[in-house]
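Q: compute the structure for the input listed below.
(one chain, ligands or ions: 1)
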Amino acid sequence: MSGLWTDGAVVRLTQLWNEGKSASEIAETLGNGITRNAVIGKAHRIGLKGRPSPIIRGEGCSIHQLTDRNCRWPFGHPGSPGFYFCGKKVVPGGSYCEPHKQQSLDQVALERDRKRRREKAGEYFAQTFS
Ligand SMILES: [Zn+2]
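A: Below is the predicted model of the structure:
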């Protein structure tokens, strides 16, 4: 196992990791029988930091750069220096890019589910205590 990680492979791993490549992309690039799991394990052992998922990281767009063709998914807190919008190309007719559209739909579904459970709990109490 240790034979896989030559000095060159470790350097390459660090570079690719910092460029935001996914573990499976890195495994593919390094080859030599290195698997996705081996990449993740090695990255942890040599202390490479976890990165935000490349899917939701977005392009990074300030409010001044934002047009109606850029995704408005916000990152960080409005008004703070690190705040930005996703800025990727929106799905035609929408306000978000494809992954963020999906994420917003997931949140709507989650909220609906939560509301339904609250209502169920309400009915239960109403029946029990009336
Ligand atoms: Zn987006």
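
Q: so where's this protein uncertain?
A: For the chain, applying pLDDT under 70 flags the ranges 1-2, 51-59, 130.

Q: helices of that one, start to end?
A: Assigned by DSSP state H, the helices in the chain fall at 7-18, 23-30, 36-45, 54-57, 98-129.

Q: okay, the second one in PDB with CA atoms only?
A: What it means is helix 23-30. Only the C-alpha atoms of helix 23-30 are listed here, as PDB (Å, rounded to 0.1, in the frame of the first residue of the first chain):
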ATOM      1  CA  ALA A  23     -11.300  12.400  -4.900                       C
ATOM      2  CA  SER A  24     -12.300  10.200  -7.800                       C
ATOM      3  CA  GLU A  25     -10.900  12.600 -10.400                       C
ATOM      4  CA  ILE A  26      -7.600  12.700  -8.400                       C
ATOM      5  CA  ALA A  27      -7.500   8.800  -8.200                       C
ATOM      6  CA  GLU A  28      -8.100   8.600 -12.000                       C
ATOM      7  CA  THR A  29      -5.300  11.200 -12.700                       C
ATOM      8  CA  LEU A  30      -2.800   9.500 -10.400                       C
END
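
Q: which of the residues in that helix are classified as buried?
A: By neighbour count with 16 or more other Cβ atoms under 10 Å, helix 23-30 contains the buried residues Ala23, Ile26, Ala27, Leu30. Quick note: C-beta positions are derived from backbone N, CA and C, even for glycine.

Q: disregarding residues adjacent in the polypeptide, which is nearest to the last one?
A: Read that as Leu30. Nearest residue to Leu30 in three dimensions, chain neighbours excluded: Ala9, at 5.5 Å (Cβ to Cβ, 6 or more residues apart in numbering).

Q: the one you found - how many residues pack around it?
A: Neighbours of Ala9 under the rule other Cβ atoms under 10 Å: 18.
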